[in-house]
Every structure is written in C-alpha cells, then in structure tokens.
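K.L.:
how would this look folded up:
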Amino acid sequence: MLIMKQQRLQRILVVLPRTNVYISITMGSLPFKIFLFSTLLAYSSIGQSDLKSLIDSYKSGKSRDLELLKSFERKKELLNDSMQYELELQLGHAYRDQSIMDSAERIYKRLAGSDKNKIDHIQIEALIHLGNIYRQRSDYSNAVTQYESAINKAIQGNHYRLEAMALNSLGGLYTETENFELGTKFCEEALEIYKVHFPEKKKDICLFMANIGNIQIALGNYDRALRFLKNAKEYNEPDENIYYNSLIYSGLGLCYLKLKDHRNALIYLNKGVKSSIDAKNVPSEIANLANLGNAYLDIKDYEQSEEALNLAYIKAIELKDKYLIKEVLSVYIPLKEAKGEYKSAFEFQKKYTELKDSLYSDDLNMQLANAQLNYDFFKKEKEILELKVKNQEQESALNKSRMWVIIGLFLLISFVALFIIFNQRNKLKSSKRIHELENKMFRLQIKPHFIFNVMSSIQNYMNKNEGKKAAVYLSKFARLIRNVLEETKKEFVTIEQELQMLQYYLDLQQLRFDPGFTYAFEIDEEIDPEVMKIPPMLIQPIVENAIEHGISGQFQEGHIVISFNAINSGIEVHVRDNGKGMEKGAELRSSYIEKESFSLKILEEQLRFYSATYKQSFSITQISNSDKSAGPTGTEVIIQMPLQELN
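P.N.:
So this is what the prediction gives:
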C-alpha cells in the first residue's frame, strides 16, 4: 500500500501595482510573464507596497511565478529587512514548486540559520520546508532534525500554525517509516491545533483529515479511514483543491480496495490519477498509479496492472525518490509472482530489500523515538513555564492589592453613599420633594471628619499588624453606613434599629479617645423596642455633641447614658453625659455654644416639621446638670415625641 506524501500546490495570483485588478495566469507562460514585469517597470517607481501586495498574494495561497520573483529580488533594496526575508522565502517556494530542489534547499538553509536577526516565523517555516526536501530525498535523519527544531521554536513562540505544519510533516515521516501509530498521533495533534485556533481554515483542516484517513488504512481501521476521508471531501467541496482531491480519491480508492469493493476502488483511483495530473504533482501521480496497479492486480487484470506500475516506476526513478520506488516495487513483486515470472519477482524483491535497508536503520529508529520524547518534553516544559509565570503574576497582583483593600472599601462605601444621596436629590424637581430630602439629609449628621477619623484609627491598627481589630471595626463602619442609607429612605424606624445604629456609631467613636468613654442604654419596661417606632437619626446628633463638646478633652473617663422612658401616649429620650457641662468657663462656653447651636437648630427645625406634618407634638430640651444642687456635672438633652407602632 502506498501512502501519498503530504505536499501542497498553489496557483498563481498576480497583483498589478497601483490597481485593484487581480489576474490569474498559468505556469509556463513565460512571454506573458516578461510582458507583465515590463508593464510593472513602466510605472514611475515600484514601491514597497507593490512588492508587499505580490508577496501577500503568494502567502494567501496563490501559485508563485519564479521568473517574476527573481526579477523582483533584483529590486529588493526597496524592501525593509522583514519583507526581504519574506521575498526570499517565497522565492524558495517557487524553486520548490518547479522541482529545482538544490536552489530551494540553498535558500531554506540560509533562512533557517541561527542569525539572531532572523524573524521567528520565517526561520520556522524555512526549517519545515528544508525538512520536507530531506524527506523527499529519503534523508529521514536530517528531516527529523529540522522538524524537531521547528516544533521547539514554534512552541516557544506560540506560532500555532507553524507548529501544526511541522507536526503534520513529522506525522508523514513516521508514516513513511511505517510507524503508523505515531504518524496518526502527530497528524491528529496538528488537526486539533487548527480546530482550536483556526477553525475557519477549512482547506488546511481538509488536508489533515485526509492524511489521518490514509494512515488509518495502513492500520486496518477502514471505517475510521472512510469517515475521515469523507469529512475531508466535504471540507474540500466548496472550492475544490485538485491536489487535495488526489489525496482524498487515492485514500477512498485504497480503502474500498481493502474492503473488496473493486468497482468503487477503480472509480476513485482513476479520479486520483486524473487529479494528480491536473495538479502537476508527480509524487501524487506515482502514488495513485501504484495503488491503481494494486487494484487491477486484485481483480487479476495483470495487463492493466503492469501498465500502471510501469508508468509509476519510471516516474519514481526520474524523481529519484527512494520511498516511492520502494513502494512501487512492493506491488510489482506480487504481480510478477502472479504472472509466474519468478526471476523478475526475485530481482524486484532484492531491490526492495536493499532500498528498505538503506532507508531504515537502528540509528534512525532511535532518532524517531527521541523525536517523540522531545516533543512531549517541549510541551511539558512550556506548560510548566506558563504555570510558573501565571502564579508569579497572581501573587504579585495579590501583594500589591492587599495593602489597599481596606482603604478602598472605605472610599467605595463613602462615595457610594454620597452618590446615592446626591443622585436622589438631583432627580427631585418639585420643592416639596426637595424639602423632604433636605429633612432626610438633616438626619444624616455624620460629619466628614468622623469618617476620616475612623479611617485613620483603623489604618493605625493595620500599621500595628492588628488585622483582626481592623476587620471588626471595618465591619461595624460598613454596617453603620448601610443602616444610615436605609434609614434615610424611611419616615420611622423601630427603636431596636435606632439602638443598633447608635451602638455602631459609639463603638467607632471609642476608637479615638484615650482615656476612653463608656456608654449605656436604659429602656423602660413599658417600651417594646421591636414594635415601637420613632423618626430616625434624631438621637445621633445629640450623642455626637455629647462626645465632641462634653466628654472630649477630659482627664477622666467619660460616660454617656441614653434612656428611653414611656410617658402619656409618647416617649422621652434622655441623653446624659458627665462632661464639662454648659457653664464650664467663658472660653470653653463661647466655643461650645457656637458649635452646638447649629446642631440644635437643625433638630428644632426638624421637630417643627414633624409636628406640622403629623399634627402631634415633637420637642427638644437642653439642661445642665451642674444647675442641680445634688446632680453630677454634665449636660442632658431631652426629646419628647409620640410613639408609632409597627403595622
């Protein structure tokens, strides 16, 4: 059985400079090529964009015009270094397409060299095509070396397309050396790369599928082979590539031959021969002729079998391809034996053995085994390196962000709170809605300096590596802000909710004082905190005054008591402190009255608003305990209000 060598054919596409007209021409039309190039030179100058357009057309899959490329090479000084390498690579491909292999090899060797200025993808592609030339000469040892180097560079540089090309070529080499399992493995790796990274490249996927299908025939997996080959045929049908057709038809014909479906075998093998001739691909033609000869041998049509094999053998000799010669001989031997020409069969057997021995050696087998191990090693090494880099990046990002998380949360919470409040205010058009929002904002009397004082205190804990304390107070601060935002939307809240907000506030204020202060809540037994409701945020400004203007600056520990007492159809809230009192010296008193009067003014205005809105009495009274002969020093503020019950 003859598995066709994997190769690609392209047709010519020339781009005329300074136009958008594309002209397709055929190989061998030299007078037209000379005319075309003269036309190009007739323009005032040939710029880099003109040459780039031509090279891009070749890279996109159009056939290369050797004479035109050689003419352009003489003007390569118009190109930058990158484009010069591209032009040289395309020239190498043009020599290869016309079977001028020595010239192609010379160019590929130069591009594949170790010059650090070489462009990665040019160097990798040159290595692959250099390996293909060695493989066609059956110099498998050198071919493996080039493929390995190309795969390593492609993996390191994330050149997925070139990695797939090299893997596919290496898979073909394993197939030719009758290691079909590894041939399948590498071709399937190439197919998987294209399915993941280049699903739109249907023609390349078609080639990989056809190659895998042909290898499956050698493994005896005929159903799987048919599935791959038919899928390849579907991928190739929209815009048929005649070389791919020859590869697919050859595989289908050979598969049907193994299944003893001789009718379909002959149909597809004859189609394969025709497609190979149309594609001007001699190795493909030899493979199809040899397989056709095998099919005729199987139905005992010895005359047509020998005719096909003679033609295949002559072309293989002319091509000097040892692998193809060997494979044609492998069909000749049973033909001669079937015809009773045992002497000829013996001579062919002798030639076959000599060729096989020259192609396969222990050193080659060892090198092929190492190639598989090296590929696996390259992939693992890259995966480990990528994992290390990813871990380092994650750790670095985590370390950078850790120091700013708490401060960021503070800022975020504060900005969100301010944004919500101001955004709501801007949306209100009527004066009544604005007045209602202003009354809600009066309740929110947590001053900016309080926020920044709390932030500074928590930052201090962080600096002392007291992270747990910082986290506890951060949580309380977040809950306080959340409660404030929620309460601004409500006209009334339960006493229990108000107490919880006051507790968060007082706990945070305690962070700032040394000596500190204590506080206590006293609730009348007749009051049910979970049911009875009061307007929100009336008590907090009074507590803040008690802290800032009462107990602040003392040398003794301060104490604040907040009590809720039931009265006739209402409630009294008392806020008492043991601070300086209202009459502690003229200097302090002047400052005290000035700072405190603003808060009291806001509260009085708010309470008047409630009295007018709900037709019930709301009032506030402030007294100094120092005025009482028996009482302790300090200040007491009393708010009277009606009770609301939870509906």
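K.L.:
Report the separation between the residue nearest to the spatial centre of the chain and H159.
P.N.:
Taking Cα atoms, centre = their mean, the centroid of the chain lies closest to H197, which sits 11.6 Å from it. Going from H197 to H159 by Cβ to Cβ, to the nearest Å gives 10 Å. Any C-beta I mention is one placed from the backbone N, CA and C, and that applies to glycine too.
K.L.:
again with F477
P.N.:
F477 is 53 Å from H159, by Cβ to Cβ.
K.L.:
Look at those two and report which has more neighbours.
P.N.:
When F477 and H159 are compared for neighbours, F477 comes out ahead with 24 against 19, by other Cβ atoms under 10 Å.
K.L.:
which residues touch the more buried one?
P.N.:
410, 413, 454, 458, 504, 508 (Cβ atoms under 8 Å, 6 or more residues apart in numbering).
K.L.:
for the fifth one, helix, strand, or coil?
P.N.:
Using DSSP: H, G, I helix; E, B strand; the rest coil, the secondary structure recorded for Y504 is helix.
K.L.:
quick one: average pLDDT of stretch 581-588?
P.N.:
Mean per-residue pLDDT for stretch 581-588: 53.
K.L.:
Same check on stretch 280-300?
P.N.:
If you average the pLDDT over stretch 280-300, you get 89.
K.L.:
How far off centre is that stretch?
P.N.:
47 Å (Cα atoms, centre = their mean, to the nearest Å).
K.L.:
quick one: buried residues of it?
P.N.:
Neighbour-count burial for stretch 280-300, with 16 or more other Cβ atoms under 10 Å as criterion, is recorded at 280-298.
K.L.:
out of these, which are inside helices?
P.N.:
Judged by DSSP state H, these include 282-298 as members of helices.
K.L.:
which residues touch G92?
P.N.:
103-104, 107-108, 111, 126, 129.
K.L.:
Using neighbour counts, trim the residues you listed to the buried set.
P.N.:
104, 107-108, 111, 126, 129.
K.L.:
Tell me the one of those residues nearest E341?
P.N.:
Checking those against E341 with Cβ to Cβ, the nearest one is A104 at 40.1 Å.
K.L.:
doesn't the closest one fall inside a strand?
P.N.:
No - judged by three-state DSSP, A104 forms no part of a strand; its state is helix.
K.L.:
quick one: contacts for the residue nearest to the centre of the chain?
P.N.:
160-161.
K.L.:
Read off the pLDDT value for it.
P.N.:
91.
K.L.:
next one: phi and psi at it?
P.N.:
phi -100, psi -30 (degrees, to the nearest 10).
K.L.:
now A566
P.N.:
phi -80, psi 130.
K.L.:
count of residues packed around the residue nearest to I133 when sequence neighbours are not counted?
P.N.:
Leaving aside its sequence neighbours, I133 sits nearest to E105 (Cβ to Cβ, 6 or more residues apart in numbering; 5.2 Å). E105 has 18 neighbours, counted by other Cβ under 10 Å.
K.L.:
how close does G213 get to A290?
P.N.:
Relative to A290, and taking Cβ to Cβ, G213 is found at 18 Å.
K.L.:
Format the contacts of G92 as a markdown table; extra columns: secondary structure and pLDDT.
P.N.:
Listed next are the contacts of G92 as a markdown table, based on DSSP: H, G, I helix; E, B strand; the rest coil; pLDDT from 0 to 100:
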| residue | secondary structure | pLDDT |
| --- | --- | --- |
| S103 | helix | 87 |
| A104 | helix | 88 |
| I107 | helix | 89 |
| Y108 | helix | 91 |
| L111 | helix | 89 |
| A126 | helix | 91 |
| H129 | helix | 92 |
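K.L.:
Nearest to M532 among those?
P.N.:
Using Cβ to Cβ, the contacts of G92 come closest to M532 at A126, 87.7 Å.
K.L.:
Show the contacting residues for that closest one.
P.N.:
Contacts here follow Cβ under 8 Å, 6+ apart; on that basis A126 touches 89, 92, 107-109, 111-112.
K.L.:
Now do the contacts for the closest residue to it other than its chain neighbours.
P.N.:
Among residues not flanking A126 along the chain, L111 sits closest, at 3.6 Å (Cβ to Cβ, 6+ apart). By Cβ under 8 Å, 6+ apart, the contact list for L111 reads 85, 88-89, 92, 118, 122-123, 126.
K.L.:
what do you get for E307?
P.N.:
G293.
K.L.:
Can you tell me how far it is from E285?
P.N.:
For E307, the distance to E285 (Cβ to Cβ) stands at 14 Å.
K.L.:
can you tell me the helix or strand for the residue nearest to F208 when sequence neighbours are not counted?
P.N.:
Distance criterion Cβ to Cβ, 6+ apart; nearest residue to F208, sequence neighbours excluded, is L191 at 4.0 Å. Element membership for L191, per DSSP states H and E: helix 180-197.
K.L.:
Any buried residues in that helix, and which?
P.N.:
180, 182-191, 193-194.
K.L.:
Then stretch 529-545?
P.N.:
529, 532-545.
K.L.:
quick one: average pLDDT of it?
P.N.:
86.
K.L.:
Between the two ends of it, what distance do you get?
P.N.:
24 Å (Cα to Cα, to the nearest Å).
K.L.:
pLDDT wise, what is S361 at?
P.N.:
Confidence for S361, expressed as pLDDT, is 60.
K.L.:
right, I mislabeled it, should have said K201
P.N.:
88.
K.L.:
wait, it sits on L191?
P.N.:
No - contact status for K201 versus L191: not in contact, 11.1 Å apart, counting by Cβ atoms under 8 Å.
K.L.:
I'd like the list of the contacts of F477 that fall within helices, please.
P.N.:
410, 413, 454, 458, 504, 508.
K.L.:
Quick one: which of the residues you listed is the most crowded by neighbours?
P.N.:
I458 leads the ones in helices among the contacts of F477 on contacts (other Cβ under 10 Å) with 24 neighbours.
K.L.:
for it, what are its contacts?
P.N.:
406, 410, 470, 473-474, 477, 511.
K.L.:
same deal with I406?
P.N.:
For I406, the contacting residues are 458-459, 462, 470, 474, by Cβ under 8 Å, 6+ apart.
K.L.:
All the helices of the stretch 251-400 of the chain, residue numbers only.
P.N.:
Ranges of helices in the stretch 251-400 of the chain, per DSSP state H, counting those that start in this stretch, are 262-279, 282-298, 302-319, 322-338, 342-359, 362-402.
K.L.:
in the fifth one, what counts as buried?
P.N.:
Buried positions in helix 342-359, judged by neighbour count with 16+ other Cβ under 10 Å: 345, 348-349, 352, 355, 359.
K.L.:
Okay, angle between it and helix 322-338 too, please.
P.N.:
160 degrees (axes from the mean of the first three to the mean of the last three Cα atoms, to 10 degrees).
K.L.:
Mind jotting down where the strands sit in this structure?
P.N.:
Taking DSSP state E, the strands of the chain run over residues 11-12, 14-15, 22-23, 62-63, 493-494, 517-523, 532-534, 558-567, 570-577, 619-624, 635-642, 644-645.
K.L.:
what's the closest non-adjacent residue to F410?
P.N.:
Here the residue nearest F410, using Cβ to Cβ, 6+ apart, is M455, at 5.1 Å.
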